[in-house]
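Chemist: Structure of the sequence below:
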Amino acid sequence: MELGLHFIDFLPSAPDRLAPTLAAVATSAEEAGATMFTLADHFFQMEQLGRAEDPFLEGYTTLGFLAAKTQSINLTLLVTGVTYRYPGVLAKTVTTLDVL
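Modeler: I've put the predicted structure just below:
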């Protein structure tokens, strides 16, 4: 059985703790044996999970950050909002992340 973790809450105790908290969760998941770490592709927090004005990081930039912090866990977005992303730029972004 493989285990993955979906990270959806970008509201740490303080804004300056956001990056260290996210990195710690991803590396802890990797060290615990999880094989996948996913994020959501939204520009704003979903109101079912928090307030719309709560912090919510852009997905592909966040994957690039996590790629520098992890070694072997698969990093991905749960879905990609293709309706608000230009296809050519999206393809370039994803292939760049894949290569790096």
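Chemist: The residue most central in space within the chain bridge partners, please.
Modeler: In the chain, the C-alpha nearest the mean C-alpha coordinate belongs to L39, at 3.6 Å (C-alpha atoms, centre = their mean). With DSSP bridges as the criterion, L39 is bridged to F7, L77.
Chemist: Could you report the distance from it to G88?
Modeler: 22 Å (C-beta to C-beta, to the nearest Å). Using the backbone N, CA and C atoms, a C-beta is placed for each residue, glycine as well.
Chemist: Where does pLDDT dip in this protein?
Modeler: By pLDDT under 70, the weakly predicted segments of the chain are 12-13.
Chemist: let's see it at 80
Modeler: 9-15, 43-54 (pLDDT under 80).
Chemist: For it, which segments count as helices?
Modeler: 18-31, 59-69, 87-99 (DSSP state H).
Chemist: Give me the helices and strands touching the last one, please.
Modeler: This means helix 87-99. Other elements packing on helix 87-99 under the criterion 3 or more C-beta pairs under 8 Å, 6 or more residues apart in numbering; DSSP states H and E are helix 59-69.
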